[in-house]
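> Can you look at this prediction? I've put the sequence above it.
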Amino acid sequence: MNKLTLSALLVIASAATATSALAQDAAAGKTSFNKCLPCHAIGEGAKNKVGPELNGIDGTAPDYNYSDANKNSGITWNKDQFLDYIKDPKAKIPGTKMTFAGIKNETEAQNLWAYLSSFDKDGKQKQ
């Protein structure tokens, strides 16, 4: 009985790990980033547009004129903050100038984070 229980636990753990890995697909996130391209840039040579360039997304973009709402939000960008924000930016930071309906699908948001976080602050893809 113990071997059967252990085997079942291993199968469950493996499935959970596989689900987690699938939940962060940078290639799918690159496709989702097309929704962001009108306002944001990423990669080598990226510049601020209507929204900040997103290289090295942990933190803030230098030389970007954030709205007062964003400046006063107290948010330091990281994965958890981003995933909460991207669902509904105006709900997370009332008064933000970001006019985007949000990404409600959790898998799509995770994939987008995987893509964005694959770039370092200089716009180079991390290995």
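Yes, it's here.
> State the mean pLDDT of the strand or helix carrying residue 109.
Here residue 109 sits within helix 106-116, counting by DSSP states H and E. Averaged across helix 106-116, the pLDDT comes to 96.
> Can you show me the CA trace of that helix as PDB?
Taking C-alpha atoms only, helix 106-116 is exported to PDB below (Å, rounded to 0.1, in the frame of the first residue of the first chain):
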ATOM      1  CA  GLU A 106      -4.000  33.600 -16.100                       C
ATOM      2  CA  THR A 107      -2.100  31.400 -18.500                       C
ATOM      3  CA  GLU A 108      -1.700  34.100 -21.100                       C
ATOM      4  CA  ALA A 109      -0.600  36.600 -18.400                       C
ATOM      5  CA  GLN A 110       2.000  34.000 -17.100                       C
ATOM      6  CA  ASN A 111       3.200  33.500 -20.600                       C
ATOM      7  CA  LEU A 112       3.500  37.200 -21.100                       C
ATOM      8  CA  TRP A 113       5.500  37.500 -17.900                       C
ATOM      9  CA  ALA A 114       7.800  34.600 -19.000                       C
ATOM     10  CA  TYR A 115       8.500  36.500 -22.300                       C
ATOM     11  CA  LEU A 116       9.000  39.900 -20.700                       C
END
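> That helix - contacts with which helices or strands?
Under the contact criterion of 3 or more CB pairs under 8 Å, 6 or more residues apart in numbering; DSSP states H and E, helix 106-116 touches helix 26-32, helix 79-87. Quick note: C-beta positions are derived from backbone N, CA and C, even for glycine.
> Endpoint to endpoint, stretch 71-78 covers what distance?
16 Å (CA to CA, to the nearest Å).
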